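Enquirer: build me a model:
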Amino acid sequence: MVVFSPLSLYTTYLGWQQYEVIFNALWQTGLLYLGFLMVGYRFLKNVLAPSGATHHATEHALNHFLYELAVTFLICGIFIYPCVPLEEKAMSFKPMCGIKKGTDAKTSTLKDTGTTYDEAFADVLTPNVKMPIGFALLQNYMSGITYGLMKVTGCTDSLHAIEGDLISTYLPADVREQALNFHRQCFLEARSQYHNEPHDKTKVNDILKKYGGEEDLKWVGSKVYQTLYYDKIYARQPVSGFTFNEAPNKNLEKAAERGDIDVKHLPEQGYPTC
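Expert: Below is the predicted model of the structure:
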């Protein structure tokens, strides 16, 4: 099964993981049998109070009951009952955009995407997840068609930016402020240094080949920026959660040593690296 972003690997797997939990809850509580009870109710209604002529009413009601029962079983067996194992290695993501000619991008699988999602979702994944056979076939078929269309039509720019804007709309105010501060003080600074200062091109190419090509450079969690720049860039403003003793500002420390600033006036919050 082909997906189209590292996050989709996890959302697809977790979605079917939660579906199985809901299915088991409905099965154990008996709510799953309501559909069959409705079929039985319709049969009794057609037998005891036929809507049309009473001639052969019982025979018609029985035929209709068997038909509805067969359809219900078929739908449940194909589209509701989870019976097909969803293997972790069966889902994969291979970036098509932002890859330089002559290079081969890494194929990512669950727990091996090379992104921070691997750590974030490590404790919530469970083994032996299953899905209905109908949705397994449909999902494989549709992902194959989508992948083929993307290969034919080519890449679309700024999809990561659009996705980021949509996600940030729903972020809590404090988290959004922290993200914007990181974007201004860390991401833009790292990107500026990357484009304007010399760097180890061999090392950069190895990272890009492993983590999605040029697309890696377009988001704040870039592996290139994490490896080469973030640990050398300091916050320009105090950051909550860090004390000044843990993450001091060297300029302020020197000013305090010279006596230009009273030690009592040093900020409580620190200036950590990105």
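Enquirer: check which residues of the helix or strand harbouring residue 62 are buried.
Expert: Residue 62 belongs to helix 57-75 when assigned by DSSP states H and E. If you call a residue buried by 16 or more other Cβ atoms under 10 Å, then helix 57-75 has these buried ones: 57, 61, 65, 68. To be clear about C-beta, it is placed using only N, CA and C from the backbone, and glycine gets the same treatment.
Enquirer: what lies in contact with it?
Expert: 35, 36, 39, 40, 42, 43, 46, 47, 50 (Cβ atoms under 8 Å, 6 or more residues apart in numbering).
Enquirer: lowest-confidence helix or strand of the protein?
Expert: Lowest on mean pLDDT, DSSP states H and E among the helices and strands of the chain sits helix 159-169, with a mean of 55.
Enquirer: which stretches of the stretch 151-274 of the chain have low pLDDT?
Expert: For the stretch 151-274 of the chain, the stretches with pLDDT under 70 are 153-171.
Enquirer: need the longest helix for this structure.
Expert: helix 6-29 (DSSP state H).
Enquirer: quick revisit: and the buried residues of helix 57-75 as CSV, adding pLDDT and distance to residue 88?
Expert: Shown next, in CSV, are these (pLDDT from 0 to 100; distance: Cβ to Cβ, whole Å):
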residue, pLDDT, distance to residue 88
57, 74, 55
61, 83, 49
65, 88, 43
68, 90, 39
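Enquirer: ok, those vs residue 271, which is closest?
Expert: residue 68 (69.9 Å; Cβ to Cβ).
Enquirer: for the stretch 101-250 of the chain, which segments are assigned as strands?
Expert: Remark: strands assigned in the stretch 101-250 of the chain by DSSP state E, counting those that start in this stretch are 108-109, 130-132, 239-243.
Enquirer: mean confidence (pLDDT) on the helix or strand following the longest helix of the chain, please.
Expert: The first helix or strand that comes after helix 6-29 along the chain, using DSSP H and E, is helix 34-48. The average pLDDT within helix 34-48 is 86.
Enquirer: identify the residues contacting helix 34-48?
Expert: So helix 34-48 is contacted by 57, 58, 60, 61, 62, 64, 65, 68, 69, 72, 76 (Cβ under 8 Å, 6+ apart).
Enquirer: any idea how far residue 136 is from the last one?
Expert: By that I understand residue 76. Applying Cβ to Cβ, to the nearest Å, the value for residue 76 to residue 136 is 15 Å.
Enquirer: equivalent analysis for the fourth one, please.
Expert: Residue 61 sits 36 Å away from residue 136, taking Cβ to Cβ as the criterion.
Enquirer: bridging residues for residue 2?
Expert: residue 92 (DSSP bridges).
Enquirer: that one: what's it in contact with?
Expert: 91, 92, 93, 94, 143, 144, 146, 147.
Enquirer: one more: residue 186?
Expert: Neighbouring residues of residue 186 by Cβ under 8 Å, 6+ apart: 220, 225, 230, 233, 235, 274.
Enquirer: spatially nearest residue to the second one (excluding sequence neighbours)?
Expert: Looking back up the chat, that one is residue 225. Excluding the flanking residues, the one nearest residue 225 by Cβ to Cβ, 6 or more residues apart in numbering is residue 190, at 4.1 Å.
Enquirer: check which residues of stretch 80-95 are buried.
Expert: For stretch 80-95, a neighbour-count test (16+ other Cβ under 10 Å) marks 80, 81, 82, 84, 86, 91, 93, 95 as buried.
Enquirer: ok, residue 76 and residue 136, which is more surrounded?
Expert: Taking other Cβ atoms under 10 Å, residue 76 and residue 136 do not tie; residue 136 has more neighbours (20 against 14).
Enquirer: and the more buried one, how far is that from residue 1?
Expert: 8 Å.
Enquirer: tabulate the buried residues of stretch 80-95 (TSV), appending distance to residue 269.
Expert: Converted to TSV, the buried residues of stretch 80-95 look like this (distance: Cβ to Cβ, whole Å):
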residue	distance to residue 269
80	54
81	55
82	50
84	52
86	46
91	42
93	39
95	38
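Enquirer: angle of the helix holding residue 62 against helix 34-48?
Expert: Helix 57-75 and helix 34-48 are oriented at 170 degrees to each other (axes from the mean of the first three to the mean of the last three Cα atoms, to 10 degrees).
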